[in-house]
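A.B. asks: Okay, here's the prediction I keep looking at, along with the sequence it came from:
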Amino acid sequence: MKKVGILGGTFNPPHVGHLLIANEVLDSLQLDEIWFMPNHEPPHKKKPESVGDVERLQMLELATQDHSAFRIQPIELQREGPSYTVDTMKMINETYPAHQFFFIIGADMIEYLPRWHKIDELVKLVQFVGVRRPSYSHETDYPVLYIDVPAIDISSSMIRDRLKNGKTVRYLLPDRVIAYIEENHIYGT
């Protein structure tokens with residue numbers, strides 16, 4: 001049985017924090033692959049209108065291309081409406097019955113689990129993997145497997161703000177992603 005970690009998000013833009021988390025979970029759990037799953041319309045937050053799905057997907061491809069175990073799973077970009085994880089995991093489990101899936105979430109999402117759409121059904125479809133972060137509660141009534149990851153306090157919104165204000169993002173994003181952002185004048189560059 002192939003063991004696959006899934007890291008979902010807007011990836012707007014994908015940064016080194018995403019890559020670090022994926023690599024640490026891959027190694028810690030001895031997974032076969034990590035699937036980066038960009039969502040079309042996250043139900044818990046509004047993605048900025050300035051960057052489309054095609055641009056986010058292209059940046060994600062550039063960010064992950066050097067790791068042989070990293071893949072992109074565009075299933076949520078191919079659907080309209082909110083991207084509910086329970087619906088996605090039903091489809092993925094049906095499509096890949098010989099796989100075991102581990103859904104990677106940050107500490108902010110661990111706190112949010114009670115509000116996830118159909119959470120009681122979802123925990124039967126996938127094993128949650130929680131990435132610990134300082135200043136967040138890691139307590140939950142739901143089954144979460146915890147992984148310690150080196151602390152790196154980076155967010156896509158912080159990177160967008162830095163780009164908008166002409167500040168450096170060197171070492172926060174892969175160089176290929178920085179070049180793509182600059183060439184395509186994204187985020188106010």
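C.D. replies: Perfect, thanks for sending it. Residues are numbered from 1 along each chain as shown.
A.B. asks: Shouldn't D87 be within a helix?
C.D. replies: Yes: assessed by DSSP: H, G, I helix; E, B strand; the rest coil, D87 belongs to a helix.
A.B. asks: from what I can see W35 touches G5, true?
C.D. replies: Yes: if you go by Cβ atoms under 8 Å, W35 and G5 touch, sitting 7.1 Å apart. In short, each C-beta sits where N, CA and C put it, glycine included.
A.B. asks: how about the closest residue to L163 other than its chain neighbours, secondary structure?
C.D. replies: Spatial nearest neighbour of L163, chain neighbours left out: Y187 (4.0 Å); criterion: Cβ to Cβ, 6 or more residues apart in numbering. Of the three states, Y187 takes coil under three-state DSSP.
A.B. asks: Enumerate every residue touching Y187.
C.D. replies: For Y187, the contacting residues are P13, S50, V51, I159, R160, L163, K164, I181, by Cβ atoms under 8 Å, 6 or more residues apart in numbering.
A.B. asks: List the ones among the residues you listed that fall in helices.
C.D. replies: I159, R160, L163, K164, I181 (DSSP state H).
A.B. asks: Just the buried residues of those.
C.D. replies: Neighbour-count burial (16 or more other Cβ atoms under 10 Å) applied to the ones in helices among the contacts of Y187 gives I159, R160, L163, I181.
A.B. asks: Tabulate these in JSON lines, adding columns for pLDDT and distance to H18.
C.D. replies: Formatted as JSON lines, these follow (pLDDT from 0 to 100; distance: Cβ to Cβ, whole Å):
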{"residue": "I159", "pLDDT": "96", "distance to H18": "11"}
{"residue": "R160", "pLDDT": "95", "distance to H18": "14"}
{"residue": "L163", "pLDDT": "95", "distance to H18": "16"}
{"residue": "I181", "pLDDT": "97", "distance to H18": "15"}
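A.B. asks: Need those in CSV (columns: distance to T88).
C.D. replies: Output for these, formatted as CSV (distance: Cβ to Cβ, whole Å):
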residue, distance to T88
I159, 25
R160, 25
L163, 29
I181, 27
